[in-house]
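A.B. asks: what would the 3D arrangement of this be:
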Amino acid sequence: MMTSAQIRQHFLDFFKSKQHHIVPSAPIVVKDDPTLLFTNAGMNQFKDYFLGNKKPVYTRVADTQKCLRVSGKHNDLEEVGVDTYHHTMFEMLGNWSFGDYFKAEAITWSWELLTDVYKLDKDRLYITVFEGDPSEGLPASTIALEEWKKLVPEDRILFGNKKDNFWEMGDTGPCGPCSEIHVDCRSDEERKKIPGKDLVNKDHPQVIEIWNNVFIQYNRLKDGSLQPLPMRHVDTGMGFERLVRVIQGKQSNYDTDVFSGTIAAVEKITGKSYDASDSKQAISFRVLADHIRAISFTIADGQLPSNTGAGYVIRRILRRAVRYYYSCLDYHQPLLYQLVPLLARQFESVFPELIQQQDFVSKVIREEEEAFLRTLEKGLKRMDDILAGNTTQIPGKQVFELFDTYGFPPDLTRLIAAEQGRTIDEQEFEQEMQQQKNRSRAATQMDTEDWVVLQKDAVAAFVGYDSLSIPTQLVRYRKVKAKGKENYQLVLEATPFYAESGGQVGDRGTLTFGEDQIIRVIDTKKENNLILHITEELPNHPDAPVLATVDATTRQLTTVHHSATHLLHAALRQVLGTHVAQKGSLVNETQLRFDFSHFSKIGDEEIQRIETIVNEKIRHNIPVQIQEMDKEHAMAAGAMALFGEKYGDRVRVVTMDPHFSIELCGGTHVNNTGEMGLFKIKHESAIAAGVRRIEAVGGSAALEAINTEVATLEQIRTALKNPAEVLRAVQQLQLENTELKKKLEGYEAKLLHQLIPVLLQQTESIGSTSFLGAVVEVSQADALKKICFQLKGHLSDYLVVLTANIDGKAQVAIMIDETTAAAKNLDAGKLIKQEVAPLIKGGGGGAPTLATAGGQDSSRLQDVITAIRSKLS
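C.D. replies: Alright, predicted model coming up:
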């Protein structure tokens with residue numbers, strides 16, 4: 001039986017024999033396409049070729065591409081693992097023709113590979129071709145039909161409608177008819193009962209599409225009309241996991257050697273067994289085997305889990321996996337990170353970026369797991385509170401809160417509720433979920449009009465490394481609406497404006513049309529290979545000559561900071577170790593921000609050494625050498641490439657002392673390091689598991705930062721009446737302050753002791769319980785707890801609520817003895833959350849017998865006492 005690795009290699013070798021250039025997978029995280037968070041199809045990295053924005057280096061290519069999908073038909077995250085054939089991350093095998101071969105070759109080769117190389121049973125294969133669509137003026141795919149008739153009996157060729165057999169990149173853009181190959185994996189007995197052709201495109205789990213040949217020949221405009229493309233392309237995609245399942249004769253993708261090693265590792269870790277059923281335990285195994293791939297490869301490609309954008313998607317995937325092993329495998333400690341070494345070895349030869357960062361990826365995943373396991377524990381406590389407050393049905397808003405805040409899936413909430421004899425408000429929960437989706441959609445929605453094209457074949461060129469002002473022409477423009485704001489995107493024939501990328505912000509400046517109209521460029525972005533000049537108005541005469549001028553001052557300050565990041569990166573590796581790798585950056589005219597892998601706080605002495613090294617390199621005024629060369633030569637020369645970046649065969653290499661700093665970089669840089677003037681680190685912090693951040697300034701910004709610190713020091717000196725030694729004077733002031741605090745605490749302790757008998761006199765009996773409710777005057781919030789502890793020795797069967805106004809803020813403490821708590825079904829923590837917090841507009845919590853709260857509204861302290869007292873009546 002062929003292994004998955006052999007199956008992948010056969011595909012690449014086959015197309016290499018057909019004169020295809022084998023290209024590496026693009027990163028799974030997308031950086032230069034605002035319409036995508038992740039690579040979700042094999043064609044993503046080739047969009048510029050289809051759109052005509054870039055000329056292909058090779059007209060025939062093939063690859064295996066890492067893809068990620070968590071939405072859309074069959075790709076809802078909550079369904080992955082429930083069935084046996086859909087995934088979050090998957091590999092897409094593809095072969096491509098950019099204006100080279102077309103339908104005849106693509107069809108012939110796909111059949112040859114499947115039947116001659118992979119030896120699939122021809123009797124189990126079915127073909128679909130596009131039936132046409134008169135409403136769009138689209139003819140049936142007769143050419144594809146005729147080509148297929150040369151290879152297969154006509155009764156195995158089916159016509160498909162536009163939904164199944166016309167592929168579109170999105171609402172607009174390149175598109176065309178497609179021809180799919182389907183395979184019937186059912187048993188012979190089942191095939192005799194119902195012919196496979198009757199189940200094609202009917203969502204049957206064993207009659208599935210295996211390969212799609214897309215023939216791109218149209219462009220969809222915003223008004224819905226179709227335009228023929230000047231060049232025709234082939235875009236094919238074959239899901240690797242499905243292909244392996246078919247060739248290895250399995251009924252489930254998870255039974256193949258793509259996943260079986262991971263599942264076996266989970267069995268060993270948890271002591272549980274996988275049985276390929278639809279039980280919760282079996283689903284958990286499939287979820288873990290799938291999700292660890294998506295999590296690991298996105299982190300390796302530079303996307304850390306976070307609360308926004310792509311990072312939030314990764315966090316959701318990770319938390320779903322944790323929920324499953326926590327709830328269904330009864331495993332309550334980090335598990336996912338233990339699978340990373342196995343995964344890294346499995347994909348070492350095809351996606352080496354994971355094994356190269358194995359320790360870092362494992363560390364990030366483990367800390368994410370630990371944090372979420374703590375959140376899950378809090379969620380279980382919150383669930384107890386919700387159950388206590390709802391006797392029959394849990395409101396949908398609270399079910400949504402558990403899902404959104406604590407990661408509880410609704411089925412887990414539903415299960416716990418049922419065990420306690422409750423139901424959940426399904427309709428209200430669905431409404432809350434839909435509102436969240438609407439908010440998310442509104443936040444990212446962008447209405448983009450069609451391009452107004454002035455020069456059809458012009459390809460924008462960037463000349464801003466050498467020039468900051470050039471004469472040029474407008475070649476296309478369009479209007480864009482986002483978040484209620486209207487802007488315009490202009491593309492020039494040539495431009496000196498640097499588009500935001502590689503951490504460096506986009507240039508600002510002006511476009512002068514003709515003699516008198518000056519339009520301000522407020523930002524410069526990159527969309528695929530187009531450089532977009534963002535403006536708030538359009539030219540009166542779009543065909544007028546244009547003078548494009550970059551704001552030179554802003555560019556120079558930004559350039560200083562970009563060059564400084566290279567020196568900083570090299571210095572970090574010299575001081576901390578070669579494990580340091582860039583994980584993100586922001587470079588603008590005011591500062592630089594540099595994120596990097598490191599697992600501990602950087603000490604003051606290390607910070608000083610890093611600063612010293614960078615400033616020494618600046619003072620040496622080292623020439624900055626910039627060269628273009630083949631990527632292989634650059635890497636052999638020791639150049640550092642960043643994980644998650646897509647590089648072409650030709651790269652730009654920036655060298656600042658060949659023995660110190662050599663990096664692949666497309667940003668703008670100084671000519672000599674001396675132009676940076678000065679470098680100063682302002683702040684160092686942790687931003688994620690295993691990732692530190694340095695914020696620093698260079699050039700005039702560094703001088704300004706130092707001057708500000710010196711001025712602040714002078715103000716302190718003046719405030720201290722000009723002592724000879726400022727540091728010693730501050731230390732003396734701190735010592736005096738500490739001694740005064742101790743004296744104050746002593747005075748307050750005596751006052752609290754004197755307060756106890758006064759409060760005891762205010763105790764009243766309500767039934768068999770002693771109740772004490774009082775507003776007291778104290779200066780520290782923890783004083784209320786101290787009073788409670790002192791009262792405890794004087795009372796039995798009690799409920800105490802003490803409140804205070806401290807600097808305009810409300811403070812509350814509730815204490816209940818265990819006997820009263822049990823007899824009256826009272827819980828101090830729940831009383832704080834349910835009764836007190838809403839009254840004082842705050843929050844708090846604690847144990848069942850002692851809990852505290854703080855809030856903004858100190859005007860309702862007496863209402864708090866009344867509310868708690870009512871619990872005894």
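A.B. asks: now the helices for the stretch 451-600 of the chain?
C.D. replies: For the stretch 451-600 of the chain, the helices defined by DSSP state H, counting those that start in this stretch occupy 552-576.
A.B. asks: count residues in the vicinity of K682, would you?
C.D. replies: Burial of K682 is recorded as 15 neighbouring residues (other CB atoms under 10 Å). Where you see a C-beta, it was placed from the backbone N, CA and C, and this is true even at glycine.
A.B. asks: quick one: it and F513, what's the gap?
C.D. replies: As defined by CB to CB, to the nearest Å, K682 lies at a distance of 41 Å from F513.
A.B. asks: helix or strand right after the longest helix belonging to the chain?
C.D. replies: Longest helix of the chain, by residue count under DSSP state H: helix 726-760. Following helix 726-760 in sequence order, the next helix or strand is strand 764-766 (DSSP states H and E).
A.B. asks: what's the distance between the residue lying farthest from the centre of the chain and K786?
C.D. replies: In the chain, counting by CA atoms, centre = their mean, Q761 sits farthest out from the average C-alpha position, at 59.9 Å. Distance of Q761 to K786, given as CB to CB: 19 Å.
A.B. asks: over to E369?
C.D. replies: From E369 to K786 the distance is 38 Å (CB to CB).
A.B. asks: neighbour count winner among these two?
C.D. replies: Each of E369 and K786 has its neighbours counted (other CB under 10 Å); E369 has more, 24 against 16.
A.B. asks: can you classify that one by secondary structure?
C.D. replies: Following DSSP: H, G, I helix; E, B strand; the rest coil, the label given to E369 is helix.
A.B. asks: that one reaches L336, doesn't it?
C.D. replies: Yes. Look at E369 against L336 with CB atoms under 8 Å: they come within range, at 5.8 Å.
A.B. asks: who touches both of the two?
C.D. replies: Among the neighbours of E369, those also in contact with L336 (CB atoms under 8 Å, 6 or more residues apart in numbering) are 318, 322.
A.B. asks: surely V836 and V812 touch.
C.D. replies: Yes. Counting by CB under 8 Å, V836 does reach V812; the two are 5.2 Å apart.
A.B. asks: where does pLDDT dip in the stretch 601-750 of the chain?
C.D. replies: When residues are selected by pLDDT under 70, those of the stretch 601-750 of the chain lie in 644.
A.B. asks: for it, just list every one of the strands.
C.D. replies: Ranges of strands within the stretch 601-750 of the chain are 625-630, 650-656, 661-664, 679-688, 691-698, based on DSSP state E, counting those that start in this stretch.
A.B. asks: who wins for proximity to F400 among those strands?
C.D. replies: Of all these, it is strand 679-688 that lies closest to F400, at 26.7 Å by CB to CB.
A.B. asks: outside of that closest one, which residues touch it?
C.D. replies: Residues contacting strand 679-688 (CB under 8 Å, 6+ apart): 304-306, 364, 367, 564, 567-568, 591, 595, 601-602, 607, 610-611, 614-615, 618, 692-698, 702, 705-706.
A.B. asks: and that strand with strand 691-698, angle?
C.D. replies: 160 degrees (axes from the mean of the first three to the mean of the last three CA atoms, to 10 degrees).
A.B. asks: one step back: okay, buried residues for the longest helix of the chain please.
C.D. replies: Residues 729, 748, 752, 755, 759 are the ones in helix 726-760 that count as buried (16 or more other CB atoms under 10 Å).
A.B. asks: just checking, what packs against it?
C.D. replies: Where contact means 3 or more CB pairs under 8 Å, 6 or more residues apart in numbering; DSSP states H and E, helix 726-760 is packed against helix 699-719, strand 769-775, helix 783-792.
A.B. asks: so which of the ones you listed is nearest L343?
C.D. replies: L343 lies closest to helix 699-719 among the helices and strands packed on helix 726-760, at 43.0 Å (CB to CB).
A.B. asks: from what I can see V651 touches I626, true?
C.D. replies: No. Taking CB under 8 Å as the definition, V651 is not a contact partner of I626, at 11.1 Å.
A.B. asks: who has more neighbours, the two?
C.D. replies: Applying other CB under 10 Å to V651 and I626 shows that V651 carries more neighbours, namely 20 against 13.
A.B. asks: so who does the more buried one touch?
C.D. replies: V651 sits next to 628-631, 634, 639, 664 when contact means CB under 8 Å, 6+ apart.
A.B. asks: try N307
C.D. replies: By CB under 8 Å, 6+ apart, the neighbours of N307 are R315.
A.B. asks: the same query, at a cut-off of 6 Å, please.
C.D. replies: Shown in contact with N307 (CB atoms under 6 Å, 6 or more residues apart in numbering): no residues.
A.B. asks: what do you get for A499?
C.D. replies: Going by CB under 6 Å, 6+ apart, A499 touches 506, 524-526, 531.
A.B. asks: closest to S779 out of those?
C.D. replies: Relative to S779, the closest of those is G506; by CB to CB it sits at 52.8 Å.
A.B. asks: from what I can see that closest one touches I522, true?
C.D. replies: No. Using CB atoms under 6 Å, G506 makes no contact with I522, being 9.2 Å away.
A.B. asks: spit out the residues that contact V836 and V812 alike.
C.D. replies: Common neighbours of V836 and V812 (criterion: CB under 6 Å, 6+ apart): 853, 864.
A.B. asks: point to the residue nearest the middle of this structure.
C.D. replies: With distances taken as CA atoms, centre = their mean, G311 lies nearest the centre of the chain, 1.7 Å away.
A.B. asks: where does it sit: helix, strand or coil?
C.D. replies: Following three-state DSSP, G311 is assigned to helix.
A.B. asks: would you mind confirming that it makes contact with T298?
C.D. replies: No. With contacts defined as CB under 6 Å, G311 does not count as touching T298, sitting 8.9 Å away.
A.B. asks: re earlier: turn the helices and strands packed on helix 726-760 into TSV, including distance to P352.
C.D. replies: Shown next, in TSV, are these (distance: least, CB to CB, whole Å):
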stretch	distance to P352
helix 699-719	38
strand 769-775	67
helix 783-792	57
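A.B. asks: out of these, nearest to E818?
C.D. replies: With CB to CB as the yardstick, what comes closest out of the helices and strands packed on helix 726-760 is helix 783-792 (11.5 Å).
A.B. asks: quick check: buried residues in that closest one?
C.D. replies: For helix 783-792, using 16+ other CB under 10 Å, the buried residues are 783-788, 791.
A.B. asks: cool, and stretch 423-440?
C.D. replies: 424-425, 428-429, 432-433.
A.B. asks: of these, which is the nearest to K122?
C.D. replies: K122 has its nearest neighbour among the buried residues of stretch 423-440 in M433, at 46.1 Å by CB to CB.
A.B. asks: mind checking pLDDT for the residue nearest to the closest one when sequence neighbours are not counted?
C.D. replies: Distance criterion CB to CB, 6 or more residues apart in numbering; nearest residue to M433, sequence neighbours excluded, is F400 at 6.6 Å. Listed pLDDT for F400 reads 90.
A.B. asks: secondary structure element for F400?
C.D. replies: helix 396-406.
A.B. asks: so the helix or strand just after that helix versus helix 396-406, what angle?
C.D. replies: Next along the chain after helix 396-406, taking DSSP H and E as the criterion, comes helix 410-419. For helix 410-419 against helix 396-406, the angle by the same axes, to 10 degrees is 120 degrees.
A.B. asks: how much space between the residue lying closest to L713 once chain neighbours are set aside and K47?
C.D. replies: What sits nearest to L713 in space, not counting adjacent residues and going by CB to CB, 6+ apart, is V726, at 6.8 Å. Using CB to CB, V726 is found at 60 Å from K47.
A.B. asks: equivalent analysis for F360, please.
C.D. replies: 30 Å.
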